[in-house]
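1. Mind folding the following:
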Amino acid sequence: MNKTQEIIKAAGILLLLITSLLNIFSIQSEYSLVFSTVGFVGIFIAMIITFFGKHEAIK
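-> Next comes the predicted model:
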């Protein structure tokens, strides 16, 4: 994958990791639905980048 795709993928995974940890440790528990939604969006971004990155030609 190219550099931009790698950065976006890493950002998506970090979003998932951070929001998951916030939910696990019940930090700001009134925002747990928001954290879950942001985590879902993060992993969705990482998956899309991963799938589209495989279609890129290696030169």
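2. Helix or strand: which one has residue 17?
-> Using DSSP states H and E, residue 17 sits within helix 3-24.
3. which residues sit against that helix?
-> 1, 28, 31-32, 35-36, 38-47, 49-50, 52-53, 56 (C-beta atoms under 8 Å, 6 or more residues apart in numbering). In short, each C-beta sits where N, CA and C put it, glycine included.
4. Narrow these to those that are buried.
-> Neighbour-count burial within the contacts of helix 3-24 applies to 35, 39, 42, 43, 45, 46, 49; the criterion is 16 or more other C-beta atoms under 10 Å.
5. quick one: low-confidence parts of the chain?
-> Counting by pLDDT under 70, the chain shows low-confidence ranges at 1, 28, 54-59.
6. let's see 50
-> Scanning the chain for pLDDT under 50 picks out nothing.
7. Which SSE is immediately downstream of the helix holding residue 17?
-> helix 32-53.
8. So what angle separates the directions of that next one and helix 3-24?
-> 150 degrees (axes from the mean of the first three to the mean of the last three C-alpha atoms, to 10 degrees).
9. So which elements touch helix 32-53?
-> Contact here means 3 or more C-beta pairs under 8 Å, 6 or more residues apart in numbering; DSSP states H and E; on that basis helix 32-53 packs against helix 3-24.
10. Can you mark which positions in the helix it packs on are buried?
-> Using 16+ other C-beta under 10 Å as the test for burial, helix 3-24 gives 8, 9, 12, 13, 15, 16, 19, 22, 23.
11. and residue 26, backbone torsions?
-> Residue 26 adopts backbone torsions of phi 50, psi 40, taken as degrees, to the nearest 10.
12. and it, what does it touch?
-> residue 32.
13. Residue 27: how many residues sit nearby?
-> Applying other C-beta atoms under 10 Å, we find 11 residues neighbouring residue 27.
14. mind starting the numbering at 313 from now?
-> OK, 313 is where the count begins now, so the last one is residue 339.
15. what's in contact with stretch 347-363?
-> 313, 317, 320-321, 323-328, 331-332, 334-335, 340.
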